[in-house]
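Peer 1: Could you look at this predicted model? Sequence included:
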Amino acid sequence: MSLAFLYIDPTAGGLGLQILLGFLVGGFVTIKLMWARFLSFFPFLRREKETADDQSGSAPQVSAEIGED
């Protein structure tokens, strides 16, 4: 039996590595984009942020008028 069928040339190996890395990165991006939707199915997994800004509902408004004396 010849072992010639087990040889993978560098071009095929590099292509396989790029395909594998592409799937991994694509999977991570998909998970990151869909994470909020995933957590909506499991409300007990969400962490509540308890800060003063979140409880007030809006950021303070700052107004500055230029040119009035």
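Peer 2: Now that the structure is in, tell me what you want to look at. These figures come from a predicted structure and were not determined experimentally.
Peer 1: what about residue 39, how many residues close to it?
Peer 2: Using other CB atoms under 10 Å, residue 39 has 13 other residues around it. C-beta here means a position set from N, CA and C on the backbone, and glycine is covered the same way.
Peer 1: and it, what does it touch?
Peer 2: Residues in contact with residue 39 (CB atoms under 8 Å, 6 or more residues apart in numbering) are 45-46.
Peer 1: Show me which helix or strand of the protein is least confident by mean pLDDT.
Peer 2: Across the helices and strands of the chain, the lowest-confidence element by mean pLDDT, DSSP states H and E is helix 52-56, at a mean of 51.
Peer 1: what's the spacing between residue 24 and residue 37?
Peer 2: 21 Å (CB to CB, to the nearest Å).
Peer 1: do the same with residue 27
Peer 2: Using CB to CB, residue 27 is found at 15 Å from residue 37.
Peer 1: for residue 45, same thing?
Peer 2: Applying CB to CB, the value for residue 45 to residue 37 is 12 Å.
Peer 1: for residue 15, same thing?
Peer 2: Counting by CB to CB, the gap from residue 15 to residue 37 is 33 Å.
Peer 1: Please identify which of the two sits among more neighbours.
Peer 2: Between residue 15 and residue 37, residue 15 has the larger neighbour count (other CB under 10 Å), namely 12 against 8.
Peer 1: Tell me where this structure has helices.
Peer 2: With helices called from DSSP state H, the chain shows them at 10-41, 52-56.
Peer 1: If you average pLDDT over each of the ones you listed, which is lowest?
Peer 2: Least confidently modelled of the helices of the chain is helix 52-56, at a mean of 51 by mean pLDDT.
Peer 1: what about the closest residue to residue 8 other than its chain neighbours, how many residues close to it?
Peer 2: Once flanking residues are discounted, residue 8 sits nearest to residue 16: 7.7 Å by CB to CB, 6 or more residues apart in numbering. For residue 16, the count of nearby residues is 11 (other CB under 10 Å).
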